[in-house]
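Student: based on what follows, work out the 3D shape:
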Amino acid sequence: MPAPVTPPVAVDIIIPARTADGRDGVVLIERRNPPPGWALPGGFVDAGESCEQAAVREAGEETGLAVTLLGQLATYSAPGRDPRGHSISVVLIAAPTAGQPRGMDDARQAAICALDELPALAFDHDRLLADYRAWRNGRLPALIARP
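Tutor: Now for the predicted structure:
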């Protein structure tokens, strides 16, 4: 019997920001690699790295933004959430502290997109952002504070 494969751990980062016309938005990236489309910045956690460290690193690598983590929204682990294979994502909320969003590394571009006018999103990121909006409106429990 083959050994079970443990799903990799990833992070996705919700970075709230205002659009040019003053609406509530978030920073999204257009993916350079499959699957195509727009997504939250994020990526896999490296060996020897915490989820929090990975989130700060990935935000910088993909968007050029320095961020401060505010807390964890939730963890998502449904086997079908990523078409490339089963992965587990820890979703963190972060405040930008320096820089302007720009596509870097494996992001074609980065942009602030209005929460009420999102493009088609890759993975299950529409669900992640629906949960974020519910949390902002008091319909989900408080964020899990990071240690």
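Student: what strand or helix carries Pro35?
Tutor: Assessed by DSSP states H and E, Pro35 sits outside every helix and strand.
Student: just Gln72 next, same as before
Tutor: strand 66-76.
Student: what comes up buried for that strand?
Tutor: Buried residues in strand 66-76, counted by 16 or more other Cβ atoms under 10 Å: 67, 69-70, 72-74, 76. C-betas here are computed from N, CA, C, even on glycine.
Student: list the helices and strands it packs on?
Tutor: helix 51-63, strand 88-98, helix 125-136 (3 or more Cβ pairs under 8 Å, 6 or more residues apart in numbering; DSSP states H and E).
Student: shaky segments in the chain?
Tutor: 144-147 (pLDDT under 70).
Student: if we go to 50?
Tutor: 146-147 (pLDDT under 50).
Student: circling back: then the strand holding Gln72 to CSV, C-alphas only?
Tutor: Output of strand 66-76 as CSV, limited to C-alpha atoms (Å, rounded to 0.1, in the frame of the first residue of the first chain):
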residue,chain,number,x,y,z
ALA,A,66,5.7,45.4,2.7
VAL,A,67,2.9,44.3,5.1
THR,A,68,2.1,43.9,8.7
LEU,A,69,0.0,40.9,9.6
LEU,A,70,-3.3,41.6,11.4
GLY,A,71,-4.5,38.1,12.0
GLN,A,72,-5.8,34.9,10.5
LEU,A,73,-9.2,34.8,8.8
ALA,A,74,-9.5,31.0,8.5
THR,A,75,-7.9,27.8,7.1
TYR,A,76,-9.3,26.2,4.0
